[in-house]
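A.B. asks: turn this into a structure:
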Amino acid sequence: MSNEPTRIKQVIVMRHDLKMRRGKQIAQGAHASMSFICRRLQEQGSVSLNDFSEVERTWLTGAFAKVCCRANSEEELMAIYDKAVAAGIEVHLIADSGKTEFHGEPTRTCLAIGPDDAEKIDEITGHLELL
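C.D. replies: Residues are numbered from 1 along each chain as shown. So this is what the prediction gives:
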């Protein structure tokens with residue numbers, strides 16, 4: 001058994017085919033990352049560290065590691081989403097309202113997987129190119 005600490009991270013997967021402005025990408029990725037906490041706040045009204053799993057607490061109080069990768073289409077983004085759901089890993093899909101880009105059409109832009117054990121997430125996203 002290894003004495004190495006478990007690596008914990010969150011992976012943000014951004015659609016590359018949309019050719020979003022860099023600022024738009026950053027905003028969408030921030031929405032995805034923050035959804036991990038914000039959804040719980042919306043559902044429960046308040047949260048404390050005790051409301052999170054040990055792995056999630058370690059991430060929140062530690063290095064807060066994030067990795068940004070690209071998906072080349074909505075279909076690829078949704079396939080990654082489906083794999084994360086099937087694996088029981090927390091995943092948050094972001095759909096932009098389309099008010100500033102995308103010609104008024106709501107558009108799925110990115111998702112965040114985790115935080116969770118890096119090896120579990122890598123099984124789903126390890127093949128993706130970095131953003």
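A.B. asks: OK, contacts around Val13?
C.D. replies: 68-71, 77, 80, 110-113, 125, 128 (C-beta atoms under 8 Å, 6 or more residues apart in numbering). No exception for glycine: its C-beta is placed from N, CA and C like everyone else's.
A.B. asks: after the longest helix along the chain, which helix or strand is next?
C.D. replies: Secondary structure of the chain per DSSP state H: the longest helix is helix 22-44. Sequence-wise, the next helix or strand downstream of helix 22-44 (DSSP states H and E) is helix 54-61.
A.B. asks: and for that following helix, what's in contact with it?
C.D. replies: 6, 8-10, 36, 49, 52, 65, 114-117.
A.B. asks: what ranges in this protein fall below the confidence cut-off?
C.D. replies: 1-5 (pLDDT under 70).
A.B. asks: centroid-nearest residue for the protein?
C.D. replies: Centroid-nearest residue in the chain, with C-alpha atoms, centre = their mean: Ala112, separated by 0.7 Å.
A.B. asks: what's Lys99 sitting at in phi/psi?
C.D. replies: Dihedral pair for Lys99: phi -70, psi -30, per degrees, to the nearest 10.
A.B. asks: no wait, Leu93
C.D. replies: The phi/psi pair for Leu93 (degrees, to the nearest 10) is phi -90, psi 130.
A.B. asks: is it true that it touches Ile113?
C.D. replies: No. Using C-beta atoms under 8 Å, Leu93 makes no contact with Ile113, being 10.1 Å away.
A.B. asks: who has more neighbours out of these two?
C.D. replies: Ile113 (28 against 18; other C-beta atoms under 10 Å).
A.B. asks: note down every partner strand of the longest strand along the chain and its orientation.
C.D. replies: Longest strand in the chain, counting residues (DSSP state E): strand 107-117. Counting by DSSP bridges, the strands paired with strand 107-117 are strand 8-15 (antiparallel), strand 91-96 (antiparallel).
A.B. asks: what packs against the helix or strand just after that strand?
C.D. replies: Downstream of strand 107-117, the first helix or strand assigned by DSSP H and E is helix 118-125. With contacts defined as 3 or more C-beta pairs under 8 Å, 6 or more residues apart in numbering; DSSP states H and E, helix 118-125 has these neighbours: strand 8-15, helix 74-86, strand 107-117.
A.B. asks: perfect, that will be all.
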